[in-house]
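Asker: One predicted model, sequence on top.
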Amino acid sequence: MTDQVIDEQAVLNCTAELKSQLKELLGNYGIDIVSVDSAQSIPGSFFGEREAGLIGHQLFVRDDTPVHSALHEACHYICMDKHRRLKVDTDAEGDYDEENAVCYLQILLSEKLPSMGRQRMLLDMDRWGYSFRLGSAAAWFEQDAEDARQWLQTQRVIDENSAITGRLRQ
């Protein structure tokens with residue numbers, strides 16, 4: 001973790017090391033990580049500025065893109081049905097239940113990134129302003145996310161033990 005970049009919001013950004021880890025993890029889902037020059041706007045970014053962008057199977061990130069944003073957009077790709085996946089461009093168009101599942105899955109996937117982990121993801125989600133009924137990402141994940149877990153299990157994205165299956169929603 002020698003090239004870890006933490007910014008003024010104190011969130012972990014997509015350094016070269018983390019991009020490499022993301023490529024390895026997300027490549028299993030058919031997602032390609034595309035690096036964008038720091039002076040350029042990010043293609044496919046719904047929120048603009050430094051947030052990750054999604055067009056088709058390509059996830060666009062800059063060095064200042066937060067890792068939570070990259071994983072969030074990747075999880076939209078994983079959780080959307082195959083018809084939306086074929087045409088996704090900037091707006092994932094997910095519903096309330098899918099959005100919760102995306103947040104839950106990004107926390108699970110963060111455990112597969114040696115430079116991130118669950119606790120750091122939860123902290124970064126809170127620092128960035130993700131909003132949950134119980135006041136924090138950790139409280140939501142541990143006490144109020146049964147619906148998200150069940151959604152992911154029904155879609156076979158995670159198994160009955162909440163282990164990641166490596167499968168896309170069909």
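Answerer: Sure, I can see it. Just so it is clear, the model here is predicted, and its values are computed rather than measured.
Asker: sec struct for the most far-flung residue of the chain relative to its centre, please.
Answerer: Here the centre of the chain is the reference, and by C-alpha atoms, centre = their mean the most remote residue is residue 39, at 23.1 Å. Of the three states, residue 39 takes coil under DSSP: H, G, I helix; E, B strand; the rest coil.
Asker: Need the residues that contact stretch 107-125.
Answerer: If you take C-beta atoms under 8 Å, 6 or more residues apart in numbering as the criterion, stretch 107-125 is touched by 1, 4, 11-12, 15, 17-18, 21-22, 25, 66-68, 71, 74-75, 103, 106, 136-138, 141, 158, 162, 164. Quick note: C-beta positions are derived from backbone N, CA and C, even for glycine.
Asker: Give me the buried subset of those residues.
Answerer: 11-12, 15, 17-18, 21-22, 25, 66-68, 71, 74-75, 103, 106, 137-138, 141, 158, 164 (16 or more other C-beta atoms under 10 Å).
Asker: Show me which residues of the longest helix belonging to the chain are buried.
Answerer: Counting by DSSP state H, the longest helix found in the chain is helix 96-110. Neighbour counts using 16+ other C-beta under 10 Å place 98-110 of helix 96-110 among the buried residues.
Asker: same question for that helix, mean pLDDT?
Answerer: The average of the pLDDT scores along helix 96-110 is 98.
Asker: now it, how far from the chain's geometric center?
Answerer: Put simply, helix 96-110 sits 8 Å off its chain's centre (C-alpha atoms, centre = their mean, to the nearest Å).
Asker: got it, and stretch 15-29?
Answerer: For stretch 15-29, the distance to the chain centre is 12 Å (C-alpha atoms, centre = their mean).
Asker: swap in stretch 107-120?
Answerer: Distance of stretch 107-120 from the chain centroid (C-alpha atoms, centre = their mean) equals 11 Å.
Asker: which residues of this structure score low on pLDDT?
Answerer: The chain contains residues with pLDDT under 70 at 1-8.
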